[in-house]
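*Asks:* what would the 3D arrangement of this be:
(4 chains)
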2 protein chains.
Amino acid sequence: MARKSATGRIGIADVALKAGVSHATVSRVMNGNFTVDPDIAARVRAAAVELKYQPNPVGRSLALGKTDTIGIVVPDLANPTFQAILRGLSRAAAQDGYRVLIADSFEVSSEEAILAGEARRRCDGLVLCAPRMGDAELAEIAPSLHPLVLINRTTAAPGVPSLVVDYGLGVQALAEHLVELGHTRLAFLAGPAGSASNGLRLEGLAVFKASHAHVDVTMLDGGSDFDTGHEAVDAVLASGATGILAFNDLVAMGLMSGLHERGVNVPADISVTGFDDIPFARYTTPTLTTAAVPIAELGAQAWHQLRALIRQEGTETPGVRYQPRLEIRSSSGSAPVSPAP
Amino acid sequence: MARKSATGRIGIADVALKAGVSHATVSRVMNGNFTVDPDIAARVRAAAVELKYQPNPVGRSLALGKTDTIGIVVPDLANPTFQAILRGLSRAAAQDGYRVLIADSFEVSSEEAILAGEARRRCDGLVLCAPRMGDAELAEIAPSLHPLVLINRTTAAPGVPSLVVDYGLGVQALAEHLVELGHTRLAFLAGPAGSASNGLRLEGLAVFKASHAHVDVTMLDGGSDFDTGHEAVDAVLASGATGILAFNDLVAMGLMSGLHERGVNVPADISVTGFDDIPFARYTTPTLTTAAVPIAELGAQAWHQLRALIRQEGTETPGVRYQPRLEIRSSSGSAPVSPAP
DNA sequence: CCAGACTGAGAGAGCGTTTTCTCACCACAT
DNA sequence: ATGTGGTGAGAAAACGCTCTCTCAGTCTGG
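*Replies:* Predicted coordinates:
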């Protein structure tokens, strides 16, 4: 056995020994440096194959100062949105030979900063999804995280592109849609307080209300998951609204499930809209009217922005603003002639 | 600026310089080695804080021969099953200070071996989900991947624990359930040919058929996603079966959607069962009868097995066999008196 | 009062690469 | 025959850590 190193793994030195050359030459051959005599190169390659030599990426990373890895910090891997972002990111990065390291903060936003820093040090760049982190904290750590791309947040710190979905516009479009169907009493089932994307939705609703004085919009507390929607059914019914804007698809699905149990017909009695257009939105009964966010594309775009930063391409990367597309399905319909039960 | 290293980052040398000690001492302090004079330790710590020094994990990894990272190879990150495994794995590993590196093979099983090798070299261990990889190839690469944990596969190579869900038993339980409801004509909507878990289901069905000669089981071609199920509706109706065992929940949902469009009532006319118990299974209409696999727990367990391997704990890690739990919901009901339309 | 044990910190050798620097060697022109 | 230029490969220095040696210095016991 050609085992020399302490780790027991085949190293560049073993190949050098076997080929009768210096390890520098082996490195040259492995990296396709053409200033090597073809005969020697062949000998080195033969030795490498015979020993099944595979360069150690850690040593390589140390020497090159890059890891060919990027990190992504997500608040919750169980959330379909982040799964989709991860998917898009992973796929796009893989195309350029980069791998993705996951850092799940499990919604513990107090540790997000440390987590992000740790992940960043292991990688060449970072994609950060931290909807609850304070603006001040974000601005403070952002420089040390560079190259950094933000998802659904912006920051004052310079050189940090943001990919944001215009939730405000989306919620306006949904509200508009419901009004066109004749609804005059709407309710918004809000997401987690302090969440940035919830804030954007609220801003959008404010704009909407300003231009639709005759429409009544009730605000209801909520959350971001199925159960939240399910539990909100009483509050929704009590509000007397006939058009419900749920925080996202998950909440909308929970709400529809709860309404179904109560014998309330969607959309005959109450119309429900979601947000995100997760894959299952088209498979619910009734199928869910929602605002579609090209979320996997957002992941891919995150990689492209990050790549530009990593390669230090001078081009300004101002970030991208995504406009949700209204996806009208069967969960929304004409307002009932008489108010909901 | 205390910038010495070429990379521009603060290194251990900078801290050593500032504290007026050797870099060895800084290392000692950072690692909590108590053979350091408290005064000096304090000085070092102060310098580290002032310079915002954060140890470089790559250098650390090289010196220690470990990366505190594990890899997971999945065939498709879009598949809820692998998302759940990833989630469980990531969470459990994080508890022990390990991060997870993703390698998505995008169903290109020809590259899975290279991908796995590459991922493995960057990490301290690997979790491999490669349902389509040939047994021979797997057995060949397995030794070079050690520490390695297999999901839903076994291999002859020694020292490789496997975590397998007993799909055979699950499918038997589901079939049994349908028979108890009076169904005598069943159909199995198969998964991808060559998939290991599909093979296990087929074996289970064979056992079932052997002990239920009076039950007719039709085999139908299928796949693993929603659309597959949706497209299978004609074949299902043509089969005349009243109890359908779908490959998994996604397929079952697609089928139910297709049946709904055809005006076929589930479960009055046809009973449908899934497999996996993905989160959405309890939210479909009707809610889906399925065989529940504690899939996130499987991810956690994968970490525990891998950890034992990494720590070289002598304890044999024979792997775990998970028995699916029947989850009876509303998509299965008594067989109709007259055959389905 | 000095030999031996012990303590604490620095010097330096890895870890496995890449890359620069250096130099031997050959060919060619002078 | 000697100087010059170019080529190709080895020696060695990085990269940023950890950890073993080594050796001053102090403490203790005879």
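*Asks:* distance from the chain centre to stretch A:119-136, please.
*Replies:* Chain-centre distance of stretch A:119-136: 12 Å, with CA atoms, centre = their mean, to the nearest Å.
*Asks:* the closest residue in space to residue A:324 that isn't next to it in sequence is in what secondary structure piece?
*Replies:* Nearest residue to residue A:324 in three dimensions, chain neighbours excluded: residue A:170, at 3.4 Å (CB to CB, 6 or more residues apart in numbering or on different chains). C-beta: built from backbone N, CA, C; applies to glycine. Here residue A:170 is covered by helix A:167-180, with elements defined by DSSP states H and E.
*Asks:* helices or strands up against that helix?
*Replies:* The contact analysis (3 or more CB pairs under 8 Å, 6 or more residues apart in numbering or on different chains; DSSP states H and E) places helix A:167-180 against strand A:185-189, helix A:196-211, strand A:243-246, strand A:271-273, strand A:290-292, strand A:325-327.
*Asks:* contact residues of the stretch 1-150 of chain A facing DNA strand C?
*Replies:* Neighbours of DNA strand C within the stretch 1-150 of chain A, by CB under 7 Å from any atom of the strand: A:5-7, A:9, A:11-13, A:23-24, A:27-28, A:30-31, A:53-56, A:58-60, A:62-64.
*Asks:* so which of the residues you listed are also by DNA strand D?
*Replies:* A:23-24, A:59, A:62-63.
*Asks:* now residue A:268: how far from DNA strand D?
*Replies:* Counting by CB to the nearest atom of the strand, to the nearest Å, the gap from residue A:268 to DNA strand D is 65 Å.
*Asks:* same question for residue A:102.
*Replies:* Taking CB to the nearest atom of the strand, one finds residue A:102 at 23 Å from DNA strand D.
*Asks:* same check, this time on residue A:232
*Replies:* 50 Å.
*Asks:* that residue and residue A:251 touch, don't they?
*Replies:* Yes - applying CB atoms under 8 Å, one finds residue A:232 in contact with residue A:251, separated by 7.5 Å.
*Asks:* among those two, which residue is more densely surrounded?
*Replies:* Remark: of residue A:232 and residue A:251, residue A:251 carries more neighbours, 30 against 26, as counted by other CB atoms under 10 Å in any protein chain shown.
*Asks:* which residue is the nearest non-sequential neighbour of that one?
*Replies:* residue A:229 (3.8 Å).
*Asks:* shouldn't that neighbour be in contact with residue A:244?
*Replies:* No - counting by CB under 8 Å, residue A:244 is not a contact partner of residue A:229; they are 9.3 Å apart.
*Asks:* need the overlap of contacts for the two.
*Replies:* A:189, A:252, A:255 (CB atoms under 8 Å, 6 or more residues apart in numbering or on different chains).
*Asks:* and whichever residue of the stretch 151-300 of chain A sits closest to DNA strand D, what does it touch?
*Replies:* Residue nearest to DNA strand D within the stretch 151-300 of chain A (CB to the nearest atom of the strand): residue A:159, separated by 21.1 Å. For residue A:159, the contacting residues are A:146, A:309, by CB under 8 Å, 6+ apart.
*Asks:* check what pLDDT it gets.
*Replies:* Note for residue A:159: predicted pLDDT of 91.
*Asks:* that one falls within a helix, correct?
*Replies:* No - counting by DSSP: H, G, I helix; E, B strand; the rest coil, one finds residue A:159 to be coil, located in no helix.
*Asks:* could you check how far it is from residue A:150?
*Replies:* 11 Å (CB to CB, to the nearest Å).
*Asks:* just want the most central residue of chain A.
*Replies:* residue A:85 (3.4 Å; CA atoms, centre = their mean).
*Asks:* one step back: now do the shared contacts for residue A:232 and residue A:251.
*Replies:* Counting by CB under 8 Å, 6+ apart, the residues touching both residue A:232 and residue A:251 are A:189, A:222.
*Asks:* and the strands in chain A?
*Replies:* Remark: strands assigned in chain A by DSSP state E are A:69-74, A:99-104, A:125-128, A:148-151, A:162-165, A:185-189, A:216-220, A:243-246, A:271-273, A:290-292, A:320-322, A:325-327.
*Asks:* tell me the contacts of residue A:158?
*Replies:* Contacts of residue A:158 (CB under 8 Å, 6+ apart): none.
*Asks:* that one and residue A:127: what is the separation?
*Replies:* 18 Å.
*Asks:* wait, residue A:73 sits on residue A:130?
*Replies:* Yes - the criterion here is CB under 8 Å, and residue A:73 meets it with residue A:130 at 6.3 Å.
*Asks:* who has more neighbours out of these two?
*Replies:* Higher neighbour count among residue A:73 and residue A:130: residue A:73, with 26 against 23, using other CB under 10 Å.
*Asks:* and that one, bridged to which residues?
*Replies:* residue A:103, residue A:128 (DSSP bridges).
*Asks:* report pLDDT for it.
*Replies:* The per-residue pLDDT reported for residue A:73 equals 97.
*Asks:* and the residue of the stretch 101-250 of chain A closest to DNA strand C?
*Replies:* For the stretch 101-250 of chain A, CB to the nearest atom of the strand, closest residue to DNA strand C: residue A:124, 14.7 Å.
*Asks:* phi, psi of that residue?
*Replies:* Dihedral pair for residue A:124: phi -90, psi -10, per degrees, to the nearest 10.
*Asks:* which residues does it contact?
*Replies:* Counted by CB under 8 Å, 6+ apart, residue A:124 has contacts A:66-70, A:98, A:147, A:310.
*Asks:* show me which of the residues you listed are buried.
*Replies:* Buried by 16 or more other CB atoms under 10 Å in any protein chain shown: A:66-70, A:98, A:147, A:310, out of the contacts of residue A:124.
*Asks:* now the stretch 201-341 of chain A, which segments are flagged as low pLDDT?
*Replies:* Within the stretch 201-341 of chain A, the segments meeting pLDDT under 70 span A:317, A:338-341.
*Asks:* so which residue of it comes closest to DNA strand C?
*Replies:* Closest point on the stretch 201-341 of chain A to DNA strand C, by CB to the nearest atom of the strand, is residue A:311, at 15.0 Å.
*Asks:* which of the contacts of residue A:124 sit farthest apart?
*Replies:* Maximum pairwise distance among the contacts of residue A:124 (CB to CB): 13.6 Å, between A:68 and A:147.
*Asks:* quick one on the thing from earlier: how much space separates the residue nearest to residue A:251 from residue A:191?
*Replies:* For residue A:229 relative to residue A:191 (CB to CB), the value is 11 Å.
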